[in-house]
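In: Compute the structure for the input listed below.
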Amino acid sequence: MGDPLYVAIFCEDVAHERFLDALVRRLATEASRTVTIHTASGRGGHGRVISELRAFQRLETKADVLVVGIDANCSGWNQARHEVDDAIDAARFPSRAIACPDPHVERWYLADPEGLKTALGARATRGRRKCERDLYKRRLGEALRVAGHTVTLGGAEFASEIVDAMDLYRAGKNEPSLRHFLDAVRQALKAPA
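Out: Here you go, the predicted model:
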């Protein structure tokens, strides 16, 4: 398996943190890589992620893989990805993966309805892509409550179960922004430790 890869995560909130952590762990296992994951920044929203990422890069800190997650917030995956990519020192972090759920991370939780049903007995639909704030968080939370679960973090507390049950091919096909992230993580995990 080789030496463990040190993965640093920068993201907006607990929903990003739990999903990205679970997904990186799953992909690392599939790639026969051992990872140590540290969430360097996981609260405070979009702007704070970028400012803390810049501060992190000024330190003498090193990560084998850098994972940064911000919602596209209806500006589109490409624009959000460019904003993050412009903030990263590529020379320091050649192995990186940028997550820009379009429009919000909860849509990724819903990316594989069959997996969600298998994992938690919840039936939810993504529906047409809309920019309404908290729409997908409400859909996820309601589906989980109807399935008999107590929801305290908007569904983020079930990230591991959801990610583990996901058919990643189907989820990536349903959500192109997720497919881009899956590809980026798989490539980044090829980094030497």
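In: hey, let's count contacts and neighbours off CA atoms from now on
Out: Fine.
In: Next, the buried residues of the helix ranked longest in the chain.
Out: Of all the segments assigned as helix in the chain under DSSP state H, the longest by residue count is helix 14-30. The neighbour-count check on helix 14-30 (16 or more other CA atoms under 10 Å) flags 14-28 as buried.
In: for stretch 67-78, same thing?
Out: Here stretch 67-78 shows V67, V68, G69, I70, D71, A72, N73, C74, W77 as buried, counting by 16+ other CA under 10 Å.
In: ditto for stretch 88-104
Out: Residues I88, F93, S95, R96, A97, I98, A99, C100, P101, D102, P103, H104 are the ones in stretch 88-104 that count as buried (16+ other CA under 10 Å).
In: Mind putting those into JSON lines with distance to P192?
Out: Shown next, in JSON lines, are the buried residues of stretch 88-104 (distance: CA to CA, whole Å):
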{"residue": "I88", "distance to P192": "19"}
{"residue": "F93", "distance to P192": "12"}
{"residue": "S95", "distance to P192": "9"}
{"residue": "R96", "distance to P192": "13"}
{"residue": "A97", "distance to P192": "15"}
{"residue": "I98", "distance to P192": "19"}
{"residue": "A99", "distance to P192": "22"}
{"residue": "C100", "distance to P192": "25"}
{"residue": "P101", "distance to P192": "27"}
{"residue": "D102", "distance to P192": "31"}
{"residue": "P103", "distance to P192": "33"}
{"residue": "H104", "distance to P192": "32"}
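In: And those residues, which is closest to A171?
Out: The nearest member of these to A171, counting by CA to CA, is P101 at 12.3 Å.
In: Provide the contact partners of stretch 56-63 at residue level.
Out: L5, Y6, V7, A8, I88, D89, R92, F93 (CA atoms under 8 Å, 6 or more residues apart in numbering).
In: can you rerun that using 6 Å?
Out: Stretch 56-63 is contacted from outside by Y6, V7, using CA atoms under 6 Å, 6 or more residues apart in numbering.
In: what distance separates the start and the end of it?
Out: End-to-end distance of stretch 56-63 (CA to CA, to the nearest Å): 10 Å.
In: Now it: average pLDDT?
Out: For stretch 56-63, the mean pLDDT works out to 82.
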